[in-house]
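Colleague: Below are the sequence and a predicted model for it; my questions follow.
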Amino acid sequence: CYTKPFAIFKCTNFHLWICMNLFYLRYFVTLAHVQHYTKAAEQLCITQPSLSHAIMQLEKELGVQLFEKTGRNTTLTRYGEEFLICTEHTLETLDAGVENLQRSARGEGLIRLGFLRPLGVEYVPRLAASYLAEHSDKRIDFTFHTDVTGPLLDGLEAQRFDLLFCSRPPEDMGFRAVPVSCQELALITPRKHPLASLKEVDLQQTREYPYVFFSRTSGIRVDIDRMFDEISMEPKIAYETEEDQVVAGLVAQGFGIAIVPHMDMLHKLDISIIPITAPAYERNFYMVYDERTYMPPVVRDFMKYVLEKEKMHTSKQFMHNC
């Protein structure tokens with residue numbers, strides 16, 4: 001059943017627009033295949049007079065005869081044959097569209113994710129894979145896009161993504177941000193740097209050394225700036241770039257020291273990795289979405305799934321600490 005029984009269709013063969021009842025179109029297709037009014041009416045679960053009235057209305061709207069009697073059967077005229085091709089194509093397209101919408105209502109469809117590259121190594125793939133495994137009875141697809149926080153937020157604003165996993169967005173953008181994960185930060189130095197032998201570091205000890213810094217388009221820049229604000233220190237910024245791998249590579253080649261997320265690839269470089277003891281910091285990752293736009297059921301279900309997983313993870317950590 002369709003909530004809008006009337007629609008406008010363009011029939012290429014006739015080069016005109018036709019406004020008519022969708023049920024009448026289905027009656028027409030059935031009669032065209034059955035070729036018998038009584039049998040077609042029985043198949044459609046309507047009376048024969050109702051079917052006859054529908055066909056007459058169609059012919060009146062079109063201005064041509066669609067059927068003619070051939071013995072006991074009813075066959076298509078040449079106009080009816082042309083219109084059958086147009087009608088079957090139209091109904092097939094409409095039915096496919098309705099089925100897609102019904103699939104979406106059942107919690108199926110596409111989930112478009114944007115996230116920071118470090119989260120693409122394990123966190124996001126693990127979430128997506130486990131969600132698909134738990135919903136194997138549904139047709140669900142993902143798209144995955146990585147970038148730094150700034151462009152990701154622009155993409156969400158342009159409705160190119162459904163959900164983001166990134167740094168906290170500026171409040172004036174109006175997005176909702178829920179913390180879902182945290183990340184350890186470390187100071188990295190070239191292997192022969194004066195600070196390289198330290199077991200731990202207070203950022204006050206780095207005051208005289210040049211830094212390779214994240215650019216302002218990177219979400220982590222806000223967290224690092226906040227750390228230096230807390231100790232009222234102005235770092236000596238020698239270079240700026242967006243990618244954490246590039247920052248680490250520049251440090252390995254002696255361009256300066258840096259504060260970076262603790263990642264596996266750091267252990268492959270000729271650098272020293274030093275835990276930061278002061279100031280205290282907390283670098284969170286957030287699930288970010290726009291409450292002002294419509295969220296498809298499948299996206300809403302995935303979002304709830306992520307929040308439930310994070311709640312379970314937090315509870316386990318609390319029990320472990322106790």
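Modeller: Thanks, I have the structure now. Remember, predicted model here, so these are calculated numbers, not experimental data. Numbers count the residues shown, from 1 in each chain.
Colleague: quick one, what contacts residue 212?
Modeller: For residue 212, the contact set (C-beta atoms under 8 Å, 6 or more residues apart in numbering) comprises 238, 239, 240, 241, 247, 250, 251, 255, 256, 257, 258. For every residue, glycine as well, the C-beta is placed using N, CA and C.
Colleague: The helix or strand containing the first one: which residues count as buried?
Modeller: Read it as residue 238. Here residue 238 sits within strand 236-241, counting by DSSP states H and E. When burial is assessed from 16 or more other C-beta atoms under 10 Å, strand 236-241 yields the following buried residues: 239, 241.
Colleague: which other helices and strands contact the very next helix or strand once past it?
Modeller: Going down the chain from strand 236-241, the next helix or strand is helix 244-252, by DSSP H and E. Secondary-structure packing of helix 244-252 (3 or more C-beta pairs under 8 Å, 6 or more residues apart in numbering; DSSP states H and E): strand 185-190, strand 210-214, strand 236-241, strand 258-261, strand 271-278.
Colleague: how about a cut-off of 6 Å?
Modeller: If you count contacts as 3 or more C-beta pairs under 6 Å, 6 or more residues apart in numbering; DSSP states H and E, helix 244-252 packs onto strand 210-214, strand 258-261.
Colleague: Contacts for it, please.
Modeller: Applying C-beta atoms under 6 Å, 6 or more residues apart in numbering, the external contacts of helix 244-252 come out as 188, 212, 241, 258, 260, 261, 266, 269, 270, 271.
Colleague: ok and it relative to strand 271-278, angle-wise?
Modeller: Relative orientation of helix 244-252 and strand 271-278, computed by axes from the mean of the first three to the mean of the last three C-alpha atoms, to 10 degrees: 110 degrees.
Colleague: got the CA positions of helix 244-252 in CSV?
Modeller: Presented in CSV, the C-alpha positions along helix 244-252 are these (Å, rounded to 0.1, in the frame of the first residue of the first chain):
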residue,chain,number,x,y,z
ASP,A,244,51.4,12.4,13.3
GLN,A,245,53.5,10.1,11.1
VAL,A,246,55.2,13.1,9.5
VAL,A,247,55.7,14.8,12.9
ALA,A,248,57.5,11.7,14.1
GLY,A,249,59.5,11.4,10.9
LEU,A,250,60.8,15.0,11.2
VAL,A,251,61.8,14.4,14.8
ALA,A,252,63.7,11.2,13.8
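Colleague: How far does it sit from its chain's centre?
Modeller: In terms of C-alpha atoms, centre = their mean, to the nearest Å, the centre of helix 244-252 is found 30 Å from the chain centre.
Colleague: coming back round to it: which member of the contacts of residue 212 is positioned nearest residue 147?
Modeller: Each of these was checked against residue 147 using C-beta to C-beta; the closest is residue 241, at 14.2 Å.
Colleague: need the contact list for the closest one.
Modeller: Applying C-beta under 6 Å, 6+ apart to residue 241 gives the contacts residue 247.
Colleague: Beta-bridge partners for it, please?
Modeller: Bridge pairing for residue 241 (DSSP bridges) gives the partners residue 214.
Colleague: how close does it sit to residue 215?
Modeller: According to C-beta to C-beta, to the nearest Å, residue 241 and residue 215 sit 6 Å apart.
Colleague: And residue 40, by the same measure?
Modeller: Distance from residue 40 to residue 215, counting by C-beta to C-beta: 70 Å.
Colleague: So for those two, which residue has more residues nearby?
Modeller: Remark: of residue 40 and residue 215, residue 40 carries more neighbours, 22 against 14, as counted by other C-beta atoms under 10 Å.
Colleague: I figured that one hits residue 33, correct?
Modeller: No - shown here, residue 40 and residue 33 do not form a contact pair, counting by C-beta atoms under 6 Å, at 8.2 Å.
Colleague: Low-confidence regions, the stretch 201-322 of the chain specifically.
Modeller: 312-322 (pLDDT under 70).
Colleague: Quick check: phi and psi on residue 229?
Modeller: The phi and psi torsions at residue 229 (degrees, to the nearest 10) take the values phi -60, psi -40.
Colleague: ugh, typo on my part, it should be residue 203
Modeller: Per degrees, to the nearest 10, the backbone of residue 203 is at phi -60, psi -20.
Colleague: where's it relative to residue 235, distance?
Modeller: According to C-beta to C-beta, residue 203 stands 8 Å off from residue 235.
Colleague: anything in contact with each of these two?
Modeller: With C-beta under 6 Å, 6+ apart, residue 203 and residue 235 have no common neighbours.
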